[in-house]
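J.: Provide a 3D model corresponding to the input given below.
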Amino acid sequence: MLFKKNFSTLPIKKKVQVLTTKENSTLVDKIKNQLLVRNAVIIAHYYTDPEIQALAEMTGGCVSDSLEMAKFGSCYPATTLLVAGVRFMGETAKILSPEKTVIMPTLKAECSLDLGCPYEAFSSFCDEHPERTVVVYANTSAAVKSRADWVVTSSIAVKLIYYLDSLGKKIIWAPDRNLGRYIKNKTGADILCWHSTCIVHDEFKTQALKNMKKLYPDAAILVHPESPQQVVELADVVGSTSQLINAAKNMLQNTIIVATDRNIFYKMQQLCPDKQLLIAPTAGEGATCHSCASCPWMAMNNLKAIYEVLTKNSQNNNYQIQIDEIVRQKALVPLNRMLSFAASIDRNPKIVR
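T.: Below is the predicted model:
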């Protein structure tokens with residue numbers, strides 16, 4: 001099933017007032033104080049602005065991918081989780097930590113994959129193929145997760161599909177068609193893909209990347225599997241956000257071209273400060289540059305918004321994640337399956353190919 005891209009929901013880019021160093025420092029101090037007052041912790045995604053990632057680190061919070069964000073929140077003793085990311089990340093945190101207050105700088109921070117996989121349409125699609133096991137990516141709503149048999153992240157997606165394929169399972173994969181195609185090519189599994197894309201990763205251009213490689217012939221190319229197949233085929237390493245960060249640290253090349261959100265460079269540069277990091281091109285033939293290697297919804301998280309949400313009433317529905325309890329319990333089942341599977345891989349990597 002194919003949903004056409006609809007960019008009418010993209011946030012309007014507003015002129016951001018640049019803070020002076022003193023104003024920025026004062027705001028950070030106010031946020032630190034509010035975190036103590038609220039017994040709150042900041043959980044930020046790798047794709048948020050570097051100043052938010054730095055704030056999360058300096059206040060004892062977490063900077064990671066979406067699953068680790070939720071796991072951190074469930075284990076951390078704070079009673080309020082401030083999720084700096086997009087809505088599905090806040091929902092995942094709430095699914096795993098129902099007793100905690102989960103707030104976000106704005107609930108309008110969406111994800112194109114989530115928007116491209118509405119619950120009613122997806123549920124009907126699954127009903128048309130009752131013989132198939134439903135596997136959904138973490139980048140989906142709580143409602144879509146509640147319809148799934150498994151939830152998965154890009155870091156273990158290939159391993160899980162290998163496992164399900166070994167059991168003779170036929171798969172429905174949603175929502176990212178690029179990641180679904182990559183997994184299908186890797187595993188040979190019988191996969192029926194939902195056809196949504198990430199507006200960031202789908203913008204990387206093959207010919208422009210080839211031209212860039214000519215300029216930097218010794219550079220390694222790192223690609224997230226949500227990118228188009230032709231871009232993936234040019235990669236030296238294909239992997240999840242955390243896997244790309246580790247690859248940048250461990251590889252011998254000093255110049256690295258990266259095809260994912262540019263804000264990943266904050267963490268990469270920490271781990272390999274002497275390496276040259278270059279963003280893969282989104283310009284070229286067929287370019288629209290709706291994202292330009294930076295998620296516009298992630299950009300809705302900023303220091304002012306974080307301070308404002310921390311000073312609001314905790315019951316303010318404009319900032320707090322709320323999930324119907326029946327939906328939450330249903331979504332928790334496939335999430336827990338994933339967590340158990342990931343833990344079993346850590347204990348015994350030989351259980352999958």
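
J.: list the contacts for Asn263?
T.: Contacts for Asn263 (CB atoms under 8 Å, 6 or more residues apart in numbering) come out as 46-50, 53, 294, 298. Quick note: C-beta positions are derived from backbone N, CA and C, even for glycine.

J.: burial count for Thr48?
T.: Counted by other CB atoms under 10 Å, the residues lying close to Thr48 total 27.

J.: Identify the residues contacting it.
T.: 84-85, 263, 298, 301.

J.: Tell me the secondary structure at it.
T.: Under DSSP: H, G, I helix; E, B strand; the rest coil, Thr48 falls in the coil class.

J.: Make sure I have this right: Ile172 is in a helix.
T.: No. Applying three-state DSSP, one finds Ile172 to be strand, outside a helix.

J.: Pull out the buried members of the contacts of Asn263.
T.: The neighbour count (16 or more other CB atoms under 10 Å) marks 46-49, 53, 294, 298 as buried among the contacts of Asn263.

J.: Pick out the most distant pair among those.
T.: Across the buried ones among the contacts of Asn263, the longest distance by CB to CB is 13.9 Å; it joins Gln53 and Ser294.

J.: that older thread, now the buried ones among the contacts of Asn263 as JSON lines including distance to Cys126 and pLDDT?
T.: Putting these into JSON lines (distance: CB to CB, whole Å; pLDDT from 0 to 100) gives the following:
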{"residue": "Tyr46", "distance to Cys126": "31", "pLDDT": "97"}
{"residue": "Tyr47", "distance to Cys126": "29", "pLDDT": "97"}
{"residue": "Thr48", "distance to Cys126": "32", "pLDDT": "97"}
{"residue": "Asp49", "distance to Cys126": "37", "pLDDT": "96"}
{"residue": "Gln53", "distance to Cys126": "36", "pLDDT": "98"}
{"residue": "Ser294", "distance to Cys126": "33", "pLDDT": "92"}
{"residue": "Met298", "distance to Cys126": "29", "pLDDT": "96"}
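
J.: how about those residues in CSV, adding distance to Trp173?
T.: Formatted as CSV, those follow (distance: CB to CB, whole Å):
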residue, distance to Trp173
Tyr46, 23
Tyr47, 22
Thr48, 27
Asp49, 31
Gln53, 30
Ser294, 26
Met298, 24
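
J.: Can you show me the helices along the stretch 101-250 of the chain?
T.: Remark: helices assigned in the stretch 101-250 of the chain by DSSP state H, counting those that start in this stretch are 112-115, 119-127, 142-146, 157-166, 177-187, 206-215, 229-232, 241-250.

J.: name the helices or strands packed onto the third one?
T.: Think helix 142-146. On a contact count with 3 or more CB pairs under 8 Å, 6 or more residues apart in numbering; DSSP states H and E, helix 142-146 meets helix 87-96, helix 119-127, helix 325-347.

J.: Out of those, which is closest to Tyr76?
T.: Comparison of the helices and strands packed on helix 142-146 against Tyr76 by CB to CB identifies helix 87-96 as nearest, at 10.4 Å.

J.: pLDDT averaged over stretch 245-261, what's the number?
T.: Mean pLDDT, computed over stretch 245-261, is 97.

J.: next one: it to chain centre, how far?
T.: Chain-centre distance of stretch 245-261: 18 Å, with CA atoms, centre = their mean, to the nearest Å.

J.: One more: stretch 43-60?
T.: Remark: stretch 43-60 is offset 14 Å from the chain centroid, using CA atoms, centre = their mean.

J.: distance between the ends of it?
T.: For stretch 43-60, the separation between the terminal residues is 9 Å (CA to CA, to the nearest Å).

J.: Fine by me, thanks again.
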